[in-house]
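J.: Fold the following.
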Amino acid sequence: KKDGVAINQTGNVLTLTSIAAADAGSYAVTLTNVETQCAATSEAVSVSVNALPTISLAEANGLTTICADSAFHFVATSGQEVEYAWLFNGDEIDGATDDVLRATEGGTYAVVVTDENGCSNTSNVMEVTVNALPAVVASHTNVSCEAMGSATLTVTNGGAPLSCLWNNEPVELTAEGNNF
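T.: Take a look at the predicted model:
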């Protein structure tokens, strides 16, 4: 019986699999001697089911793709008193036990939270992509005397189309193509 109501179980062991909050309650068993039809009911045993801690994982800056010289900040929100354990590609990150994680490597990230009852829950998995920085080769021609000739500064990169922003501190210079 559960909470005084008969349940459909006939063996000498009651196993609750995939336990849920609805399984919480008081359980008792009635044993009946088949020959004499005498029956006895056990004391009730209370079964408590603690809910899993809640966890939400979000990216702090709204992006999951970063450049190689950048960092990505994850923020875990539980709303409960929990311990945090961050995962990178499925493996626990040593020492990563805060609610915020600074990530610099591409891969998958998740966080496991554990509450005071020992119940654990794992967040959604988020993937970070790290894009390589473009290779820059800058060259120039020397001008030997003031007011004689011109200087050409050239940036070359064999990769995808790029935009150039030249800077002659503190003045920003405009560029046409890869040349100034």
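J.: When you work out contacts or count neighbours from here on, use the C-alpha atoms and nothing else.
T.: Fine.
J.: quick one: the spatially most central residue of the chain and Leu101, what's the gap?
T.: Residue closest to the mean C-alpha point of the chain, counted by Cα atoms, centre = their mean, is Ala110 at 2.6 Å. With the distance defined as Cα to Cα, to the nearest Å, Ala110 ends up 10 Å from Leu101.
J.: Can you pull the residues that touch both of the two?
T.: Trp86 (Cα atoms under 8 Å, 6 or more residues apart in numbering).
J.: partners of Ser46 in the sheet?
T.: On the basis of DSSP bridges, Ser46 is bridged to Ser26.
J.: Tell me the confidence at it?
T.: Among the per-residue scores, Ser46 shows a pLDDT of 93.
J.: What's the local residue count around it?
T.: 13 (other Cα atoms under 10 Å).
J.: check contacts around it.
T.: Counting by Cα under 8 Å, 6+ apart, Ser46 has contacts Ala24, Gly25, Ser26, Tyr27.
J.: and Glu81, how many neighbours does it have?
T.: 11.
J.: again but with Ile55, I slipped
T.: 21.
J.: tell me the contacts of it?
T.: Here Ile55 is in contact with Ala76, Thr77, Ser78, Gly79, Val113, Asn121, Thr122, Ser123 (Cα under 8 Å, 6+ apart).
J.: Glu127 sits in which helix or strand?
T.: Counting by DSSP states H and E, the element that carries Glu127 is strand 126-131.
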